[in-house]
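Novice: quick one: sequence and predicted model below, then my questions.
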Amino acid sequence: MTSTKEEFIEARNLIYEEVKKELLGPGSEDITGDIEHELITDEPISRYSLGILFPRNNKYVQDMDSNLDRETSEDFREEYKIFNENDDVNLVKDITSHNNENNSDFDGKISTSNELKPSSMGITFFAKGKVDELYVRVKAAKYRDSTLSDCCVKYEGEDYFNNNGLSEYVYREGSYLKLKKSLDYKTIKKYLNEDDKSKEYSIFVNTIYTLSRQYKGGFVREPLLLNDIVKIKLCGTYSFLNLENTFKVKENIEMNYNLQICVFLKKYKNDINSYTVVLCNNEECEVYGRDKKSIFQPEILISTNDNPGLIFVENRDNDIVDIKLELDDEEKSLDLLYKDKKNYAIGHGVSTMQNVDKNTGLGILKTSFVPYYEVQGINFELDGITSEILSMKNLSDYSILDDDEIIKNLDRIANSYSKWIYSLEIEAKSFKDQLVKVNSF
């Protein structure tokens, strides 16, 4: 039997995962049973509001591939096919390169992370140690048009389609309903039993309409086939690696991606360097085809296990730069209050998360569009001080305790407070630099 606290934690985790599925994906329409290859019935750039790297030169207009009019346009797919055949895109397979370019080129790439329709995102961190290569883990996905064989919805109710002409369009495979051929809304309405108002029949009707939308306006997620660990050779202050590939997925459908990882390195004292790692979507699209040229759910992860020569350094560490900041009284107090809260990374167009041992500097840094942090709860328990001692009743005239016991309990509280003050004085002796001034203040 789980405790109330464990139930609350489980509920909190469930809420977080559901919010993440809705805002970032994948999993907003968990009806096909495969979240990694989810099928959604909206354009992905309309469905998701976070974690999208748009193609470069993107203009904010409605795409030709918008599904606003798909239900009334039977010739849509043929028209879109003709349009795509006229779209001149040059694909280069398996190209990698390392070069030095000027800083303005890098500034241009990282600045796109702050645009309304960003085409890049990145992370900056400090690390001690010298390495000639940086190993990075990258995840991302793209979406393609759905095919007839992709369309399926989990449905375990009665097979009402066997009683009418819908059996020409729909069939059952295990616990899923699937399509035999294209099914439009007019055909569905033709075979519906409008007299059946039961809940089970309503679920069946919604399932059939969903199948229709999946084929006429559906998109299927395909994770990009990237190496588990990407190696970037560091050449001077600016290095980059092109990740381009064309690959085939279900039914021999061809997909491609054109990414670039850029690394800007800056040296500081004491063998400490800053690394800014940026992931760019290098595909171009002025107006049409944004859904299939955008990158979704991108993630950058850097681990000291993959880079054994590096130790993460907290970005407020005074060993990095010799800058004496002039802080006001409030800033000094906050600096002292949060002295034990270590921050090892800064995001560009994205937030960051960390799991780093503050004693060794070893661990993991990664980007996150839906970050979370667990705040420790307040603990009111004190060593040697019970709730009976702190009871206002026991400290009042209504107490059943005699005066000597009440005074003895008050002494315990005073002694406990004195021990706490003494522990702070001992801790203050270990303060360095700015914290010494804050403590004296």
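Specialist: That came in fine, so what should we check first?

Novice: where's the residue nearest to residue 169 when sequence neighbours are not counted relative to residue 10, distance?
Specialist: Distance criterion C-beta to C-beta, 6 or more residues apart in numbering; nearest residue to residue 169, sequence neighbours excluded, is residue 183 at 4.4 Å. Where C-beta positions appear, they are placed from N, C-alpha and C, glycine not excepted. In this view, residue 183 and residue 10 are 40 Å apart by C-beta to C-beta, to the nearest Å.

Novice: same check on residue 205?
Specialist: Counting by C-beta to C-beta, the gap from residue 205 to residue 10 is 34 Å.

Novice: would you mark the buried spots in the longest helix along the chain?
Specialist: Assignment by DSSP state H gives helix 403-428 as the longest helix of the chain. Using 16 or more other C-beta atoms under 10 Å as the test for burial, helix 403-428 gives 409, 412.

Novice: figure out how far it is from the centre of its chain.
Specialist: Its chain's C-alpha centre and that of helix 403-428 lie 47 Å apart, by C-alpha atoms, centre = their mean, to the nearest Å.

Novice: who does the helix or strand residue 135 falls within pair up with?
Specialist: Take DSSP states H and E as the rule and residue 135 turns out to sit in strand 133-145. When sheet partners are counted by DSSP bridges, strand 133-145 sits next to strand 219-223 (antiparallel), strand 230-233 (antiparallel), strand 295-303 (antiparallel).

Novice: name the residues that touch the shortest one?
Specialist: With C-beta atoms under 8 Å, 6 or more residues apart in numbering as the contact definition, strand 230-233 has outside contacts at 98, 132-138, 239-241, 243, 261, 263.

Novice: pull out the buried positions in that strand.
Specialist: Residues of strand 230-233 classed as buried: 230, 232 (neighbour count, 16+ other C-beta under 10 Å).

Novice: one more: the first one?
Specialist: Within strand 219-223, the residues that qualify as buried by neighbour count (16+ other C-beta under 10 Å) are 219, 220, 221, 222.

Novice: doesn't residue 45 make contact with the first one?
Specialist: No - at 9.8 Å, residue 219 does not count as touching residue 45 under the criterion of C-beta atoms under 8 Å.

Novice: what do those two both touch?
Specialist: Residues touching both residue 219 and residue 45 (C-beta under 8 Å, 6+ apart): residue 291.

Novice: residue 22 falls within a strand, correct?
Specialist: No - using DSSP: H, G, I helix; E, B strand; the rest coil, the secondary structure at residue 22 is helix, not a strand.

Novice: separation between it and residue 347?
Specialist: Residue 22 is 21 Å from residue 347, by C-beta to C-beta.

Novice: those two - which one has more neighbours?
Specialist: Using other C-beta atoms under 10 Å as the criterion, residue 22 and residue 347 rank with residue 347 on top: 20 against 15.

Novice: show me what that one is bridged to.
Specialist: If you apply DSSP bridges, the partners that residue 347 bridges to are residue 123.

Novice: which residues touch it?
Specialist: 121, 122, 123, 124, 367.

Novice: out of these, what pair is the most spread apart?
Specialist: By the measure C-beta to C-beta, 121 and 124 form the most distant pair in the contacts of residue 347, at 11.7 Å.

Novice: residue 205 and residue 10: which is more packed in?
Specialist: residue 205 (17 against 11).

Novice: per-residue confidence for the more buried one?
Specialist: Residue 205 is assigned 94 on the pLDDT scale.
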